[in-house]
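1. Sequence first, then the predicted structure:
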Amino acid sequence: MKDMLAWKKSSAHHRAQRVSIVFERRGLKQDASEWEGWRLGNLAPIWEPIAWFVKPYQIGGTIADNILAYQVGAMNLKDCQIDGSNPTNLLEFGFRRDERRVHEAQKPLDLFEFLIKLTTRPGQIVLDPFMGSGTTAVTAQNLDRHYIGFEISSEFCRLANERLNEVVKAATKQAKIEHPLLF
(Lines give C-alpha, C1' and ligand atoms only; values in the text may rest on other atoms or scores of the structure.)
Protein backbone atom coordinates (compact mmCIF):
# COMPACT_ATOMS: atom_id res chain seq x y z
CA MET A 1 0.00 0.00 0.00
CA LYS A 2 1.58 3.25 -1.15
CA ASP A 3 -0.74 5.67 0.67
CA MET A 4 -4.14 6.17 2.25
CA LEU A 5 -6.18 9.10 0.96
CA ALA A 6 -9.41 10.52 2.36
CA TRP A 7 -12.20 11.92 0.19
CA LYS A 8 -14.12 14.51 2.19
CA LYS A 9 -17.68 14.59 0.89
CA SER A 10 -19.72 17.77 0.76
CA SER A 11 -22.47 16.10 2.82
CA ALA A 12 -23.18 12.85 4.62
CA HIS A 13 -26.38 11.04 5.48
CA HIS A 14 -26.84 10.13 9.13
CA ARG A 15 -28.08 6.55 9.21
CA ALA A 16 -28.06 6.07 12.97
CA GLN A 17 -31.31 4.85 14.52
CA ARG A 18 -32.88 6.75 17.45
CA VAL A 19 -32.53 4.74 20.68
CA SER A 20 -35.81 6.11 22.06
CA ILE A 21 -37.76 4.70 19.10
CA VAL A 22 -36.12 1.28 19.48
CA PHE A 23 -37.15 1.21 23.14
CA GLU A 24 -40.66 2.50 22.39
CA ARG A 25 -41.18 -0.36 19.92
CA ARG A 26 -40.20 -2.75 22.69
CA GLY A 27 -42.76 -1.16 25.00
CA LEU A 28 -40.07 0.35 27.24
CA LYS A 29 -41.54 3.85 27.61
CA GLN A 30 -39.41 4.84 30.65
CA ASP A 31 -36.17 3.76 28.92
CA ALA A 32 -37.27 5.50 25.72
CA SER A 33 -37.74 8.74 27.65
CA GLU A 34 -34.33 8.44 29.36
CA TRP A 35 -32.56 7.89 26.02
CA GLU A 36 -34.28 10.68 24.07
CA GLY A 37 -31.78 12.34 21.69
CA TRP A 38 -29.37 9.38 21.62
CA ARG A 39 -28.72 7.22 18.56
CA LEU A 40 -27.41 3.79 17.64
CA GLY A 41 -24.75 3.40 14.98
CA ASN A 42 -22.03 5.69 13.75
CA LEU A 43 -21.49 9.36 13.17
CA ALA A 44 -22.37 10.64 9.70
CA PRO A 45 -19.63 9.37 7.36
CA ILE A 46 -18.29 12.64 5.90
CA TRP A 47 -15.16 11.01 4.44
CA GLU A 48 -14.33 7.81 2.59
CA PRO A 49 -10.95 6.09 2.53
CA ILE A 50 -9.10 5.57 -0.75
CA ALA A 51 -6.37 2.94 -0.55
CA TRP A 52 -3.56 3.48 -3.08
CA PHE A 53 -1.73 0.30 -4.01
CA VAL A 54 1.24 -0.15 -6.35
CA LYS A 55 2.90 -3.20 -7.86
CA PRO A 56 5.34 -4.70 -5.30
CA TYR A 57 8.98 -3.81 -5.80
CA GLN A 58 11.31 -6.47 -7.10
CA ILE A 59 13.86 -7.65 -4.52
CA GLY A 60 16.51 -4.97 -4.31
CA GLY A 61 14.42 -2.73 -6.56
CA THR A 62 13.27 0.83 -6.07
CA ILE A 63 10.25 2.92 -6.95
CA ALA A 64 12.17 4.23 -9.95
CA ASP A 65 12.84 0.64 -11.12
CA ASN A 66 9.10 -0.11 -10.89
CA ILE A 67 8.28 3.00 -12.91
CA LEU A 68 10.68 1.89 -15.65
CA ALA A 69 9.44 -1.71 -15.63
CA TYR A 70 5.67 -1.19 -15.27
CA GLN A 71 5.05 2.49 -16.13
CA VAL A 72 3.26 3.03 -12.81
CA GLY A 73 4.16 4.25 -9.34
CA ALA A 74 4.90 7.93 -10.00
CA MET A 75 2.62 10.88 -9.23
CA ASN A 76 1.67 13.47 -11.82
CA LEU A 77 1.84 16.54 -9.59
CA LYS A 78 2.18 18.92 -12.54
CA ASP A 79 -1.41 18.25 -13.70
CA CYS A 80 -2.89 17.74 -10.23
CA GLN A 81 -2.25 21.05 -8.51
CA ILE A 82 -5.10 22.24 -6.30
CA ASP A 83 -5.29 26.02 -6.04
CA GLY A 84 -1.64 26.22 -7.11
CA SER A 85 -0.36 23.78 -4.48
CA ASN A 86 0.64 20.14 -4.53
CA PRO A 87 -2.20 17.89 -3.37
CA THR A 88 -2.40 16.35 0.09
CA ASN A 89 -3.97 13.07 1.14
CA LEU A 90 -7.24 14.89 2.00
CA LEU A 91 -9.28 15.38 -1.16
CA GLU A 92 -12.38 17.57 -1.36
CA PHE A 93 -14.38 17.17 -4.56
CA GLY A 94 -18.12 17.51 -5.03
CA PHE A 95 -20.53 16.65 -7.80
CA ARG A 96 -20.94 18.92 -10.80
CA ARG A 97 -24.31 20.65 -11.12
CA ASP A 98 -25.16 18.71 -14.27
CA GLU A 99 -23.75 15.40 -13.05
CA ARG A 100 -26.41 12.69 -13.23
CA ARG A 101 -26.66 10.63 -10.02
CA VAL A 102 -27.69 7.01 -10.57
CA HIS A 103 -26.00 5.03 -7.76
CA GLU A 104 -26.11 5.41 -3.97
CA ALA A 105 -22.30 5.06 -3.70
CA GLN A 106 -21.50 7.11 -6.81
CA LYS A 107 -18.39 9.27 -6.66
CA PRO A 108 -17.90 12.64 -8.38
CA LEU A 109 -16.32 12.78 -11.84
CA ASP A 110 -13.89 15.46 -10.61
CA LEU A 111 -12.58 13.15 -7.86
CA PHE A 112 -11.93 10.35 -10.33
CA GLU A 113 -10.44 12.74 -12.87
CA PHE A 114 -7.96 13.84 -10.21
CA LEU A 115 -7.09 10.26 -9.15
CA ILE A 116 -6.70 8.98 -12.71
CA LYS A 117 -4.56 11.97 -13.75
CA LEU A 118 -2.47 11.62 -10.59
CA THR A 119 -1.62 7.95 -11.12
CA THR A 120 -1.86 7.11 -14.84
CA ARG A 121 -0.78 8.35 -18.24
CA PRO A 122 -2.82 8.51 -21.46
CA GLY A 123 -3.21 5.09 -23.05
CA GLN A 124 -2.81 3.16 -19.77
CA ILE A 125 -5.47 0.82 -18.39
CA VAL A 126 -7.65 1.70 -15.39
CA LEU A 127 -9.37 -1.19 -13.56
CA ASP A 128 -12.61 -0.80 -11.61
CA PRO A 129 -13.70 -4.09 -10.01
CA PHE A 130 -16.92 -2.52 -8.62
CA MET A 131 -18.10 -0.35 -11.51
CA GLY A 132 -21.46 0.80 -10.13
CA SER A 133 -22.53 3.86 -12.13
CA GLY A 134 -19.45 3.79 -14.38
CA THR A 135 -17.75 6.95 -13.09
CA THR A 136 -14.30 5.39 -13.45
CA ALA A 137 -14.95 4.29 -17.04
CA VAL A 138 -16.49 7.63 -18.02
CA THR A 139 -13.52 9.51 -16.58
CA ALA A 140 -11.00 7.13 -18.15
CA GLN A 141 -12.71 7.59 -21.53
CA ASN A 142 -12.59 11.38 -21.14
CA LEU A 143 -8.88 11.25 -20.24
CA ASP A 144 -7.81 8.92 -23.08
CA ARG A 145 -7.25 5.91 -20.81
CA HIS A 146 -8.42 2.37 -21.45
CA TYR A 147 -10.63 0.83 -18.78
CA ILE A 148 -11.88 -2.50 -17.54
CA GLY A 149 -14.87 -2.60 -15.26
CA PHE A 150 -16.85 -5.31 -13.50
CA GLU A 151 -20.37 -4.93 -12.12
CA ILE A 152 -22.56 -7.66 -10.65
CA SER A 153 -25.84 -5.72 -11.05
CA SER A 154 -27.23 -5.85 -14.57
CA GLU A 155 -29.21 -2.65 -13.88
CA PHE A 156 -26.10 -0.68 -12.88
CA CYS A 157 -24.20 -2.19 -15.80
CA ARG A 158 -26.94 -0.87 -18.10
CA LEU A 159 -26.79 2.58 -16.48
CA ALA A 160 -22.98 2.67 -16.70
CA ASN A 161 -23.18 1.77 -20.39
CA GLU A 162 -25.71 4.57 -20.94
CA ARG A 163 -23.32 7.05 -19.33
CA LEU A 164 -20.44 5.79 -21.45
CA ASN A 165 -22.50 5.99 -24.63
CA GLU A 166 -23.37 9.62 -23.83
CA VAL A 167 -19.66 10.43 -23.46
CA VAL A 168 -18.72 8.67 -26.70
CA LYS A 169 -21.57 10.40 -28.59
CA ALA A 170 -20.54 13.80 -27.21
CA ALA A 171 -16.90 13.19 -28.15
CA THR A 172 -17.88 12.06 -31.64
CA LYS A 173 -20.12 15.10 -32.13
CA GLN A 174 -17.33 17.41 -30.91
CA ALA A 175 -14.81 15.71 -33.19
CA LYS A 176 -17.14 16.12 -36.19
CA ILE A 177 -17.47 19.83 -35.51
CA GLU A 178 -13.72 20.36 -35.09
CA HIS A 179 -12.64 18.03 -37.92
CA PRO A 180 -15.51 17.77 -40.42
CA LEU A 181 -13.30 16.26 -43.15
CA LEU A 182 -12.20 13.35 -40.96
CA PHE A 183 -15.65 11.80 -40.64
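-> Done, it's in.

2. and the residue lying farthest from the centre of the chain, backbone torsions?
-> Within the chain, the residue lying farthest from the chain centre (C-alpha atoms, centre = their mean) is residue 30, at 45.1 Å. Dihedral angles of residue 30 (phi, psi; degrees, to the nearest 10) stand at phi -60, psi -50.

3. I'd like the distance between it and residue 20.
-> 11 Å (C-beta to C-beta, to the nearest Å). Where you see a C-beta, it was placed from the backbone N, CA and C, and this is true even at glycine.

4. Look up how far residue 53 lies from the closest residue in space to residue 46 that isn't next to it in sequence.
-> Excluding the flanking residues, the one nearest residue 46 by C-beta to C-beta, 6 or more residues apart in numbering is residue 12, at 4.4 Å. Going from residue 12 to residue 53 by C-beta to C-beta gives 26 Å.

5. Comparing the two, which residue is more hemmed in?
-> Taking other C-beta atoms under 10 Å, residue 12 and residue 53 do not tie; residue 12 has more neighbours (13 against 8).

6. Name the residues that touch the helix or strand hosting residue 50?
-> If you go by DSSP states H and E, residue 50 is part of strand 47-52. Residues outside strand 47-52 that contact it (C-beta atoms under 8 Å, 6 or more residues apart in numbering): 1, 2, 3, 4, 5, 6, 7, 8, 9, 91, 115, 119.

7. how about low-confidence regions in this protein?
-> By pLDDT under 70, the low-scoring segments of the chain are 175-183.
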